[in-house]
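K.L.:
Okay, predicted coordinates and the sequence, questions at the end:
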Amino acid sequence: MYARRGKDHPQPSGGCRASRLQRVPLAAALLALFGLSCLVGAAASAVAAAPTAGAGLGRPTVTAPHGPIAAVKPTFKWSKVSGAATYELRAYRGGRLLLKEIGITMLSWKSTQALPMNVSLTWKVRARNAGGSGAWSESLGFKIGAADSIDYSRPARWLNLPKTVNKKVDVFYLYPSEYTKADPSAPIIGPIDDPGMIEGAKVAFQRQAYAFRTFATIYAPYYRQADAASRAALPQPEQVKIVAGAPTQDGIAAFDYYVRHFNDGRPFILAGHSLGSNVMANLLSQYMKARPGVYKRMVAAYVIGYSITPDYLDRNPYLKFAKGPNDTGVIVSWNTEAPTVDGMNPVILPRGLAINPITWTRKETEATAVQNRGSIELDPTTGGAPMLNTQGRILRVMNLADAQIDKAKGVLISSTVNPANPPYFTPGGLPMGVFHTFDYPFYFFNIRENAANRFTHYLSRS
């Protein structure tokens, strides 16, 4: 027998050219053939032992999520496959794998991590058993966010979008109710570009968000709002449902866009008022719960002009209400009234919590107007913008408003302001004695100092 010399065999030394064929003993050739057959048999056995593509399993049918959804931690559902012991699930953003879960024994699985909002995602699932894996299901597409969600990549959707960032902390601000129906037949939820809302939001930004501008970069989106009078006339469950719709969807979508595109990992403060604070409370209970890494960067949440109740905190035990001037990662809130209100206060909930914005404690001890670091006066000719001094700066008014917590009412009492005097009472507006519009203006410079102080303490603890 003859065997062909391979190219890796050394050439024989000497001056003679080697023949390309060389005689090999018969026994050696048989031994080589036997070894080759063993290798082939072992390879065949390995292939048989490896998981097969089919394994006798069918392809599951995926059912949900599909299309626009709200949950940032969705529950995936699919049909049963005969013979399946477990299932494997994968979710993608484009070609990037976001989720991979194996060993699922049920026909549904809830994600343990929050998925990105307002981007196209896909998912698929396959069955597995001892014989291997079945074929993948068809991929199903979904997007976290409302079907009519606002595109916050557009600068026109932002009330304030800084061009440069030169401060170490951000503020994300949501303005109070500024949308008013043009006529009774108009929808209770106004459009994102309603002219009246846009103008009102600009004025509210000055008398509220300006409190933070000396030390923070302020981001403020426009968001769809409910007409305040129409909403107030509804039963409380209906009001909750309305705010949980477009206003909260927009607020969360805008904040998520801010976190992913503008924040760049900096600490931030949340600030709102009235409806804006209601939306902020929903953001805290929904978005922050799903994203603890983002929540850790929150210095504080100034949820002013909306009642934070013990029931709300019980439902969200990771959230804490402020106890003093220095604590961080906490909620700060109050609703201001005169000692006597002409009727019911329509903007408060029973058992609301409050912190004193002069002393920054929760004691019922009065803080005098002399202790107040300064209020601002609103200009009625501009719809309530802050009055300015001769240098063009916001005019500081001293000795105007005191502050005392009334725990039984769940409010903050200011007794040194005459509620009958304009601009503190407007006929046809809130009942006399409800200082809702002045939650920020009465304590404007106290808020500025306290927010900066909390940021300092946040840095010292980081």
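P.N.:
Cool, the structure landed.

K.L.:
could you pull out the strands for the stretch 201-350 of the chain?
P.N.:
All strands of the stretch 201-350 of the chain, identified by DSSP state E, counting those that start in this stretch, fall at 217-221, 268-273, 298-304, 330-332, 336-337.

K.L.:
how much space between the residue nearest to Ile198 when sequence neighbours are not counted and Val347?
P.N.:
Using CB to CB, 6 or more residues apart in numbering and skipping residues adjacent in sequence, the residue nearest Ile198 is Tyr222, 6.8 Å away. Where you see a C-beta, it was placed from the backbone N, CA and C, and this is true even at glycine. Using CB to CB, to the nearest Å, Tyr222 is found at 22 Å from Val347.

K.L.:
hmm, back to that, name all residues that make contact with the residue nearest to Ile198.
P.N.:
Counting by CB atoms under 8 Å, 6 or more residues apart in numbering, Tyr222 touches 150, 157-159, 192-193, 197-198, 201.

K.L.:
ok now do the residue positioned nearest the centre of the chain, which residues does it touch?
P.N.:
Residue closest to the average C-alpha location in the chain (CA atoms, centre = their mean): Tyr287, at 3.7 Å. For Tyr287, the contacting residues are 72, 252, 255-256, 294, by CB under 8 Å, 6+ apart.

K.L.:
same question, Gly374
P.N.:
Counted by CB under 8 Å, 6+ apart, Gly374 has contacts 396-398, 444-446.

K.L.:
And for the nearest residue to it once chain neighbours are set aside, the neighbour number?
P.N.:
Closest residue to Gly374 apart from its sequence neighbours, by CB to CB, 6+ apart: Phe445 at 3.6 Å. For Phe445, the number of neighbouring residues by other CB atoms under 10 Å comes to 17.

K.L.:
and Thr368, how many neighbours does it have?
P.N.:
14.

K.L.:
Likewise for Arg231?
P.N.:
19.

K.L.:
Equivalent analysis for Asn316, please.
P.N.:
Neighbour tally, Asn316, other CB under 10 Å: 16.

K.L.:
In space, what's closest to it - neighbours in sequence excluded?
P.N.:
Distances taken as CB to CB, 6+ apart put Ser285 closest to Asn316, at 4.8 Å, once the chain neighbours are dropped.

K.L.:
Surely that neighbour touches Asp311?
P.N.:
No - between Ser285 and Asp311 there is no contact under CB atoms under 8 Å: 11.7 Å.

K.L.:
neighbour-wise, which of those two wins?
P.N.:
Between Ser285 and Asp311, counted using other CB under 10 Å, Ser285 has the larger neighbour count: 16 against 11.

K.L.:
mind listing what that one touches?
P.N.:
Going by CB under 8 Å, 6+ apart, Ser285 touches 312, 315-316, 319.

K.L.:
Output those residues in a markdown table, with pLDDT appended to each entry.
P.N.:
As requested, those are arranged in a markdown table below (pLDDT from 0 to 100):
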| residue | pLDDT |
| --- | --- |
| Tyr312 | 97 |
| Arg315 | 96 |
| Asn316 | 96 |
| Leu319 | 97 |
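
K.L.:
Farthest pair within those residues?
P.N.:
Arg315 and Leu319 (9.0 Å; CB to CB).

K.L.:
who's more crowded, the two?
P.N.:
Comparing Arg315 with Leu319 by other CB under 10 Å, the one with more neighbours is Leu319, at 20 against 10.

K.L.:
mind listing what the more buried one touches?
P.N.:
If you count contacts by CB under 8 Å, 6+ apart, Leu319 has them with 284-285, 288, 312-313, 331.
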